[in-house]
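No letters, just coordinates:
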């Protein structure tokens, strides 16, 4: 079986699916990419058995066939070949030979029938959403997901569907990020599910800012997202997400407004001299003034002053500067609003133009 | 050359009890709970003659010595006596490394009183301890910790034994292998099966051979067999872990009951960690079963924690993973390690879901 594929037609699809290929895998075949042609359509599939990525190539093949090839080696070879090269794939039993100009590579293959596939998805809920909108929702919240937390359900992102739209929530127990999207009419269904961290990060990488409507299908155990050239499937985390509404403060009464870029730059400078591990900083809010201080175990200090809009009683509060910087990096409005209650209660940070993205950060005790 | 003294109080807890209750003098005494779940914490020399030793289940001890008198431990008293002894050490040196309430290493290469020899220092300390507490101690004097510890054990009780530098190697060569500190029953029988019965025979083996046979301890065995022990006397040992545990009155078989106890243990660990102004990255759950076998399970986090919620939920998770139907649990414990001293100021508060 022979196919000729132009380097440019396989490189991007390979780079898309490679995210699912684990560097350390338990099954040899999980290090391979499945290449197959069905009804003249050539596809690449990679999986780590938690997520599965399928890309459709713009290459037409007459005959049906399938094989699995070591994914990273194939990607490295394609990357290293000159631009616009034609690559001839010659599939034989147990091996594939790649010819391109005067280069030749022989790779071992494993049988396609052994490649693990996701079970049939029994759709329970389905909706469409513009690709760029889903990407935005994820990009604005993913940073707050937990990593390696024993509360395994926090190592993922909560998707909540209801008649008002979609909500995405991520939290690691110290801070929380929430995106809301109402320009959609999802059939009257209340549904919550948790997409694992790796799936969320892959999705953020794969989605782009196109207007194209993509379809989202949710079954008991899986989520599947389909664009014109890509099918993404991820297992869902089987667990109960905590009631995040309980930790979104509603009783904050001290509102400060400030230029986002100026505050972010101040925080970046201050962070240089904060304790490297705990990253604590002290913020003192007083009449139209914000003073920020940090010091480290070497007794070095930094201090910044900023003009802000603040007309409430003065308050002094500690924060992990990384948590604040994460938030000010995903908000893109000119001004931001921080709503505080007291030094021991969480604050809520939003842009001044929209409340669709909300960030809750717990302080550090001073 | 360094001058190291190892001081070891003789049958410490039991001797304190005999001192405070003269009717116990000359009788076999065990400090510890007498009830069926108790364990001997210390035994008087009279009790040791019957084969009663510390860490032995009280039931076994009673069988070995039916006249054994059980005394409830009074840790507050032992602690205050220990402080008294520590005060005596401080008159001679500041390089004191306590190993427990009744044992310490002293580096007296320089002594504050300007006594000519370490033997004089050891002898004065023993007398001072006896004068102020009425208790006897054994002292070992030598050039490193390993030899000092062996020396203190050599002439117990009320002993003072010196291993001089020129006799050190000869002493090690003749030392039976089971007397080496760090050689327990299992290692001793493994060594004997290899034909190692004493220091001289241990010295025949190369470092590579000992490491391949005994792992990390191989380095230690190689060094001490060759008279090398450069471990310093460390005056302020950083705490490596903070923990708490509970032994149940009755063995527990229900997961729900265990979780309940785990809450109390996690609270205690949280209290201790915060009183130390510390935090740790690793939570370890210890489970001892009714048959005295024990397992530990650990989980490490990316950042140190010191709050109840993190400690409890991690321990709870580990318990859920480890627990199986039909398990009968005698003891449950939580330890926080990979500690990180931190400023009080840096305490991240958590969201309360």
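Perfect, I can see it now. Everything quoted here is computed from the prediction, not taken from an experiment.

Flag every residue of the stretch 251-366 of chain A that's near chain B.
The stretch 251-366 of chain A comes close to chain B at residues A:275, A:277-278, A:280, A:297, A:318, A:320, A:344, A:346, A:360, A:362-366, as judged by CB under 8 Å from any CB of the partner chain. Quick note: C-beta positions are derived from backbone N, CA and C, even for glycine.

now the helices: where do they sit in the stretch 51-200 of chain A?
Assigned by DSSP state H, counting those that start in this stretch, the stretch 51-200 of chain A shows helices spanning A:71-80, A:131-139, A:197-206.

Save these as TSV, and put in distance to chain B and mean pLDDT too.
What follows is the helices of the stretch 51-200 of chain A, written out as TSV (distance: least, CB to the nearest CB, whole Å; pLDDT from 0 to 100):
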stretch	distance to chain B	mean pLDDT
helix A:71-80	27	96
helix A:131-139	21	96
helix A:197-206	13	96
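
now for the ones you listed, which one comes closest to residue A:97?
For residue A:97, the closest of the helices of the stretch 51-200 of chain A is helix A:71-80, at 11.5 Å, according to CB to CB.

how far is the closest one from where the chain is centred?
On the basis of CA atoms, centre = their mean, to the nearest Å, helix A:71-80 is displaced by 25 Å from the centre of the chain it belongs to.

That one packs against which elements?
helix A:7-17, strand A:32-38, strand A:103-108 (3 or more CB pairs under 8 Å, 6 or more residues apart in numbering or on different chains; DSSP states H and E).

looking at these, which is closest to chain B?
Set against chain B and scored by CB to the nearest CB, the helices and strands packed on helix A:71-80 come closest in helix A:7-17, at 28.7 Å.

Just the element for residue A:223, please.
Element membership of residue A:223, judged by DSSP states H and E, is strand A:222-226.

Contacts for that strand, please.
Outside strand A:222-226, the residues that touch it by CB atoms under 8 Å, 6 or more residues apart in numbering or on different chains are A:118, A:121, A:134, A:159, A:193, A:195, A:199, A:203, A:214-218, A:231-236.

can you check stretch B:108-121 too?
B:2-5, B:91-93, B:95, B:106, B:124, B:141, B:160, B:162.

Now do the end-to-end distance for that stretch.
8 Å (CA to CA, to the nearest Å).

per-residue confidence averaged over it?
Mean pLDDT, computed over stretch B:108-121, is 92.

And stretch A:7-15, by the same measure?
What stretch A:7-15 shows for mean pLDDT is 95.

How about residues contacting that stretch?
A:33, A:44, A:55-59, A:71, A:74-75, A:78-79, A:81-87, A:100, A:229.

neighbours of residue 6, just the number please.
By default, I'm working from chain A. 15 (other CB atoms under 10 Å in any protein chain shown).

that answer is for a different chain, and I need it for chain B
Residue B:6: 28 surrounding residues under other CB under 10 Å.

same question, residue B:317
18.

Please apply the same query to the one 10 residues further on.
The burial count assigned to residue B:327 is 16, neighbours taken as other CB under 10 Å.

Please enumerate the strands of the stretch 251-366 of chain A.
With strands called from DSSP state E, counting those that start in this stretch, the stretch 251-366 of chain A shows them at A:254-259, A:280-286, A:289-295, A:301-307, A:315-320, A:335-340, A:347-351, A:357-361, A:364-365.

Out of those, indicate the one that is most buried.
strand A:357-361 (a mean of 23; mean count of other CB atoms under 10 Å in any protein chain shown).

Neighbouring strands of that one in the sheet, and parallel or not?
Strand pairing for strand A:357-361, determined by DSSP bridges: strand A:175-181 (antiparallel), strand A:347-351 (antiparallel).

The closest residue in space to residue A:358 that isn't next to it in sequence: how many residues sit nearby?
Closest residue to residue A:358 apart from its sequence neighbours, by CB to CB, 6 or more residues apart in numbering or on different chains: residue A:178 at 4.7 Å. By the criterion of other CB under 10 Å, residue A:178 has 25 neighbours.

now the one 4 residues further on
Around residue A:182 sit 10 other residues, with neighbours defined as other CB under 10 Å.

And for residue B:72?
11.

is it true that it touches residue B:35?
No. In this structure residue B:72 lies outside contact range of residue B:35 using CB atoms under 8 Å: 10.7 Å.

contacting residues around residue B:37?
B:58, B:247, B:249, B:330.

In the stretch 151-300 of chain B, what residue comes closest to chain A?
Distance from chain A to each residue of the stretch 151-300 of chain B (CB to the nearest CB) is smallest for residue B:299, at 5.9 Å.

what lines up beside the helix or strand that residue falls within in the sheet?
Residue B:299 is part of strand B:294-305, with elements assigned from DSSP H and E. Applying DSSP bridges to the sheet, strand B:294-305 is found paired with strand B:278-289 (antiparallel).

Tell me how far the partner strand lies from the chain's centre.
Distance of strand B:278-289 from its chain centroid, counting by CA atoms, centre = their mean, is 18 Å.

buried residues in it?
By 16 or more other CB atoms under 10 Å in any protein chain shown, the buried positions in strand B:278-289 come out as B:278-288.

With stretch B:147-161 instead?
Neighbour-count burial for stretch B:147-161 [16+ other CB under 10 Å]: B:147-154, B:156, B:159-161.

Contacts for it, please.
Applying CB under 8 Å, 6+ apart, the contact partners of stretch B:147-161 are B:4-8, B:10-11, B:45, B:105, B:119, B:122-123, B:126, B:136-142, B:162-163, B:168, B:171-172, B:175, B:179-181, B:229.

Please spell out the PyMOL selection for the buried subset of those residues.
To isolate the buried ones among those in PyMOL, judged by 16+ other CB under 10 Å, type:
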select buried, chain B and resi 4+5+6+7+8+10+11+45+105+119+122+126+136+137+138+139+140+141+142+162+163+168+171+172+175+180+229
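
just for the chain, where's the confidence low?
In the absence of a named chain, this looks at chain A. The model of chain A has pLDDT under 70 over residues A:186-188.

could you do chain B instead?
For chain B, the ranges with pLDDT under 70 are B:237-238, B:341-346.

which residues in it form strands?
B:4-9, B:29-32, B:40-43, B:69-71, B:96-100, B:103-107, B:137-142, B:160-162, B:241-252, B:278-289, B:294-305, B:329-341, B:347-348 (DSSP state E).
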